[in-house]
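# With the sequence up front, the predicted model follows.
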Amino acid sequence: MKKNYRSGKSALVPVFVVAGLAILVLVGLMAYRNLAGGVSQPLPVAQFADNPKAFSGNQYELEGRIDTQLGYETGVGRLLLTQDVATNDSVPLFVPYGFEDFSPNPGQIYRFGLRVDERGVLTVESFTKL
């Protein structure tokens, strides 16, 4: 009696098609999350404090409690001192000029979307009051 090898191979085709589609969906979801400003990694505060320039170009998220405004210059922006809610470590943030609807008060908690510039400065790109 002859075995039909073809029927065994054809049964594997749908498995590979489904696996391929699943991989495409996962890759698409990851790309969408990155393009849509999805959740970034939490800022590693202790490591960042040791060598801020090493994090240049990276994006992070920080839940920070407003401590005080360290400085402000019209047309440039403001420098804030925040406290990381998770660790209570102090974290200075630069808020570029143009965030007219951002009016923080000491004690308020925000979720910040941050980018580390080439000098190692944490620059606010987005914020949400919690």
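All right, it came through fine. Numbering: from 1, shown residues only.

# Low-confidence bits of the chain, can you list those?
By pLDDT under 70, the low-scoring segments of the chain are 1-39.

# Now name the helix or strand holding residue 60.
Using DSSP states H and E, residue 60 maps to strand 59-73.

# That strand pairs with which strands?
strand 41-42 (parallel), strand 77-84 (antiparallel), strand 109-116 (antiparallel) (DSSP bridges).

# would JSON lines of those strands with distance to residue 48 and mean neighbour count be doable?
In short, each C-beta sits where N, CA and C put it, glycine included. Output for the strands paired with strand 59-73, formatted as JSON lines (distance: least, CB to CB, whole Å; neighbours: other CB atoms under 10 Å):
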{"stretch": "strand 41-42", "distance to residue 48": "11", "mean neighbour count": "10"}
{"stretch": "strand 77-84", "distance to residue 48": "10", "mean neighbour count": "19"}
{"stretch": "strand 109-116", "distance to residue 48": "8", "mean neighbour count": "19"}
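
# looking at these, which is closest to residue 92?
strand 77-84 (5.5 Å; CB to CB).

# Show me what the closest residue to residue 104 other than its chain neighbours is bridged to.
Leaving aside its sequence neighbours, residue 104 sits nearest to residue 66 (CB to CB, 6 or more residues apart in numbering; 4.4 Å). Beta-bridge pairing for residue 66 (DSSP bridges): residue 82.

# Report the contact partners of residue 87.
Contact analysis of residue 87 by CB atoms under 8 Å, 6 or more residues apart in numbering lists 45-46.

# Look up phi and psi at it.
Dihedral angles of residue 87 (phi, psi; degrees, to the nearest 10) stand at phi -120, psi -10.

# quick one on the thing from earlier: adding distance to residue 128, write the strands paired with strand 59-73 out as JSON lines.
Below are the strands paired with strand 59-73 laid out as JSON lines (distance: least, CB to CB, whole Å):
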{"stretch": "strand 41-42", "distance to residue 128": "15"}
{"stretch": "strand 77-84", "distance to residue 128": "14"}
{"stretch": "strand 109-116", "distance to residue 128": "5"}
